[in-house]
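Peer 1: Give the three-dimensional model of this entry:
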Amino acid sequence: MPDQDLLARDHPPTDGSSFVGRKREMAEVRRLLPRTRLLTLTGPGGVGKTRLALRAARAVRGWFPDGVEVVELATLEEGGLLGPAVAAALGLRQGDRQIIPLLADYLADKRTLLVLDNCEHLLQACADLVNGLLRAAPRLCVMTTSRHRLGLTGEQVLAIPSLAVADEHDPVREIARCEAVRLFSDRAATVNPGFTVNAANAPTIARISGRLDGIPLAIELAAARLRTTPIDQLLRELDDRITALTGGNTTALPRHQTLRATMDWSHDLCSPAEQHLWARLATFPGGVDLETAEEICAVGDIATEDVFELCAGLVDKSVLTAERTGTGTRYRMLDSIRAYGREHLDGAEERRLLERYCAYYRALAQRCRIDRMNADQLDRFRVLRAELPNLRTAIEGCYGRPASAPAGLEIATSMWGFWLLAGALSEGRHWLERGLDLVPAPGDTRITALWVDALLALYQREIPGALARIDECRRLADAAGDTTASAFATMVSGIAALSTGDGRRGLALMKEARDRHWAAGDLDAVGLNLYLASMFCVSEDPNLAAALGEELVALCDARDAPLFRAYALFAIGIASWKQGDWRQAEAMMRQVSAPWTVIEDRWGLAQFLEVLAWTAGVRGAQERAARLLGAADRVWQEIGFSPTQLPYHVASHQRCEKRAQEALGARAFSAAFHGGARLALAAAVADALRED
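Peer 2: As a prediction, this is how the structure comes out:
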């Protein structure tokens, strides 16, 4: 079963407010989902499609034993990133697999609900992906939210209407039960504690909800005004605005214009500085913390020291939501409000803001490089993961202007360690390949991007493409006298040789590169080289692998680098196993789980579970071994890989599995194996660490 707080963790609601109404729509979703494999919730912006989809997904989670996964698409600008985004939500590590076959294979036998939220701007890409997945995975169910249907055969469409409104002449009890009034009252109570619907205000609230056509976002924006405005005045202001828009015919305003009018109204009620900050913050699809907002948005009429108060004012007006995180407060906007805000950036201001935005995220990508051996490696990974939507916007913004394209390529290149550890190889190469096309001129930026792209290509088993990039990198580096890049090209050439079975040449090239990095004092490059060399030679020469791992541990201890240290200990653990020291292997595995759990490194954790299954088998704990093999198997499937594909795993895996089957018998082995496979990853890790 999936983690019970999966939806809350991976797809938090836009605010902490309660869910009001929608009983009919919820009932209809529950009626339709068992009868269709594709359900699309449609409706205009602001009507509450996302919130309904998330609540419905929680309600039916028990129907889908293999999990409910939500993929937020509003922050994606390109259809080419859709597949990688879905893979990331499912926890899949791409490796050398093409993304669509990887998704299809993983979902083929699973009873899973996949929720794709905000599809309208990627409609064709979503339709193509969903069509392919539904054909490949007969038990898969997909729910989408979109302003338009996908247009696929068998698609069920549920139009989400505005909330029911009340007649001001109805009894107070009837007015109070109306969904639109309940939403208004609920949101009003958050800004005006103790607010309730009563005989004195019920007709006014009914008129307000009617004026707003029961559109949830419009109602929430209006209710936020009660912090400073009496309810009767609120109605008068609303009446005046809508009367002006319709020339006195208050029934003539289409619903999409009602929402627009409400946002115009909220915008007009903001101070000029709040209006400008609204527009500037709308450029952050992933939300923003205060420090970043001050750095990028404090310009012209907005002083740095004023940003906090301006953000507080926009929160009060329901333009922003403030989300508490482990590192502070993050401000976010609903997609409709963000789109409105961006309309209020004129061309010149937008260009200036984009320059500041790109410069900031270029510096952040450099500052948070996780291939650097520093004590804050884990924090850097978390920052990059949180800022990924904004980093995508920065790269895209740079690529949109020829003069800044090199800056975009620098961002994509600096993130290579993140692309690798996050299993986002396709996305990383997407940005690298685009950047290399846009930056054809020789120079440091292109030279570095070439060896990085070659390294990621090797992880995808695209050997010819990688070799072509390495050759160009070496040629340009030699011409420019760039000894650092030349050493990296040599290291990647060594990995290519090892990948194609030429172990002797590969290790020789990697040692040559390592010596050059040592001579240059580039200890980060030395650490990377030591890890890769140790893992590639562990099957053929475990003594050398252990020595390289010990050298890396010493380097990590000197630099206090927890992530590199975990990989060094893993290499030593595998080497110890190959040398026959299962106790040392087990001790090493127990130390690597903590940092890998922090960054959710499923590639590492699959191997952690696998090796502890082997050591359990050697100790005679065959039921535990079978259970851990099952837990590992679930993660192997999720990342689209198999232990039989790793030279240093295959024989040990097969021996462990055979020994457990013989000791337990087929039925008991199967029960233990599938018991482990049912464990969520966190529970499996805890089980593996538990002493017998």
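Peer 1: in which helix or strand would I find residue 661?
Peer 2: Secondary structure assignment for residue 661, by DSSP states H and E: helix 650-664.
Peer 1: which other residues reach that helix?
Peer 2: Identification of contacts with helix 650-664 by C-beta atoms under 8 Å, 6 or more residues apart in numbering yields 577, 610, 613-614, 617, 622-623, 625-626, 629, 643-644, 669, 672. All C-beta atoms are positioned from the backbone trio N, CA, C, and that covers glycine.
Peer 1: again, only using 10 Å
Peer 2: The set of residues that contact helix 650-664 without belonging to it, under C-beta atoms under 10 Å, 6 or more residues apart in numbering, is 539, 574, 577-578, 585, 610-611, 613-618, 620-629, 632-633, 636, 642-644, 646, 668-673.
Peer 1: Buried among those residues? Make that a PyMOL selection.
Peer 2: Provided next is the PyMOL selection string for whichever of the contacts of helix 650-664 are buried by 16 or more other C-beta atoms under 10 Å:
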select buried, resi 539+574+577+578+585+610+611+613+614+615+616+617+618+621+622+623+624+625+626+627+628+629+632+633+636+643+646+669+671+672+673
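Peer 1: still on that earlier bit, would you mark the buried spots in the helix holding residue 661?
Peer 2: 652, 653, 656, 657, 659, 660, 661, 663, 664.
Peer 1: on that earlier part again, out of the contacts of helix 650-664, list just those in helices.
Peer 2: 574, 577-578, 585, 610-611, 613-618, 622-629, 632-633, 636, 668-673 (DSSP state H).
Peer 1: Next secondary structure element downstream of the worst-scoring helix or strand of the chain on mean pLDDT?
Peer 2: Using mean pLDDT, DSSP states H and E, helix 6-10 stands out as the lowest-scoring helix or strand of the chain, at a mean of 36. Counting by DSSP H and E, the element after helix 6-10 in chain order, helix or strand, is helix 23-32.
Peer 1: Flag every buried residue along that next one.
Peer 2: Of the residues in helix 23-32, those buried under the neighbour-count criterion (16+ other C-beta under 10 Å) are 25, 26, 28, 29.
Peer 1: how about those residues in CSV, adding pLDDT and distance to residue 294?
Peer 2: Written out in CSV, the entries for the buried residues of helix 23-32 read as follows (pLDDT from 0 to 100; distance: C-beta to C-beta, whole Å):
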residue, pLDDT, distance to residue 294
25, 88, 41
26, 88, 41
28, 91, 45
29, 92, 42
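Peer 1: Now for those residues: which two are most distant?
Peer 2: 26 and 28 (7.3 Å; C-beta to C-beta).
Peer 1: hey, what's in contact with both of the two?
Peer 2: Counting by C-beta under 10 Å, 6+ apart, the residues touching both residue 26 and residue 28 are residue 56.
Peer 1: Quick check: chain neighbours aside, which residue is closest to the residue of the chain most remote from its centre?
Peer 2: The C-alpha centroid of the chain is most remote from residue 169, which lies 48.8 Å away (C-alpha atoms, centre = their mean). Taking C-beta to C-beta, 6 or more residues apart in numbering as the measure, residue 169 lies nearest to residue 203, with 7.5 Å between them; neighbours along the chain are not counted.
Peer 1: what's the neighbour count on the residue lying closest to residue 107 once chain neighbours are set aside?
Peer 2: Residue nearest to residue 107 in three dimensions, not counting chain neighbours: residue 137, with 3.8 Å by C-beta to C-beta, 6+ apart. As a burial measure, the neighbour count of residue 137 was computed by other C-beta atoms under 10 Å and equals 22.
Peer 1: Identify the residues contacting residue 137.
Peer 2: Going by C-beta under 10 Å, 6+ apart, residue 137 touches 37, 103, 104, 105, 106, 107, 108, 109, 110, 111, 112, 114.
Peer 1: Show the residue spans covered by the helices in the stretch 251-400 of the chain.
Peer 2: With DSSP state H, counting those that start in this stretch as the definition, the stretch 251-400 of the chain shows helices at residue ranges 255-269, 272-281, 290-297, 307-316, 335-342, 347-367, 377-399.
Peer 1: Those helices: which one's closest to residue 83?
Peer 2: Proximity to residue 83, assessed across the helices of the stretch 251-400 of the chain by C-beta to C-beta, is greatest for helix 377-399 (14.8 Å).
Peer 1: Let me know the angle separating whatever helix or strand comes next after that closest one from helix 377-399.
Peer 2: Tracing the chain past helix 377-399, the next element assigned as helix or strand by DSSP H and E is helix 405-414. With axes from the mean of the first three to the mean of the last three C-alpha atoms, to 10 degrees defining the directions, helix 405-414 sits at 160 degrees from helix 377-399.
Peer 1: I'd guessed the residue nearest to residue 169 sits against residue 209; true?
Peer 2: No. Between residue 203 and residue 209 no contact is recorded; they are 11.1 Å apart, counting by C-beta atoms under 10 Å.
Peer 1: follow-up on the earlier one: give the contact list for the residue nearest to residue 169.
Peer 2: When contacts are taken as C-beta under 10 Å, 6+ apart, residue 203 is in contact with 166, 167, 168, 169, 170, 172, 175, 235.
Peer 1: Strands - which of those land there?
Peer 2: Applying DSSP state E to these, no entry is found in strands.
Peer 1: Can you add pLDDT and distance to residue 189 and give those residues back as TSV?
Peer 2: Putting the contacts of residue 203 into TSV (pLDDT from 0 to 100; distance: C-beta to C-beta, whole Å) gives the following:
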residue	pLDDT	distance to residue 189
166	85	18
167	85	23
168	86	21
169	84	25
170	86	21
172	89	17
175	89	16
235	88	18
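Peer 1: Of those residues, just say which sits nearest to residue 192.
Peer 2: Ranking the contacts of residue 203 by separation from residue 192, with C-beta to C-beta as the measure, puts residue 235 on top at 15.2 Å.
Peer 1: Against residue 177, how distant is that closest one?
Peer 2: 21 Å (C-beta to C-beta, to the nearest Å).
Peer 1: go on, residue 159?
Peer 2: In this structure, residue 159 lies at 23 Å from residue 177, with C-beta to C-beta as the measure.
Peer 1: which sections of the protein are below the confidence cut-off?
Peer 2: For the chain, residues meeting the criterion pLDDT under 70 lie at 1-19, 94-97, 241-256, 640, 692.
Peer 1: care to break it down by domain?
Peer 2: Per the record's domain assignment (automatic domain parsing), the chain is made up of the domains 6-159, 172-269, 272-345, 384-585, 591-689.
Peer 1: Go ahead and measure how far the last one is from the middle of the chain.
Peer 2: What it means is domain 591-689. Chain-centre distance of domain 591-689: 26 Å, with C-alpha atoms, centre = their mean, to the nearest Å.
Peer 1: now do the first one
Peer 2: If you compare the mean C-alpha spot of domain 6-159 with that of the full chain, they lie 15 Å apart, counting by C-alpha atoms, centre = their mean.
Peer 1: I'd like the numbering to begin with 14 instead of 1 from here.
Peer 2: Yep, numbering from 14; the last one is domain 19-172 now.
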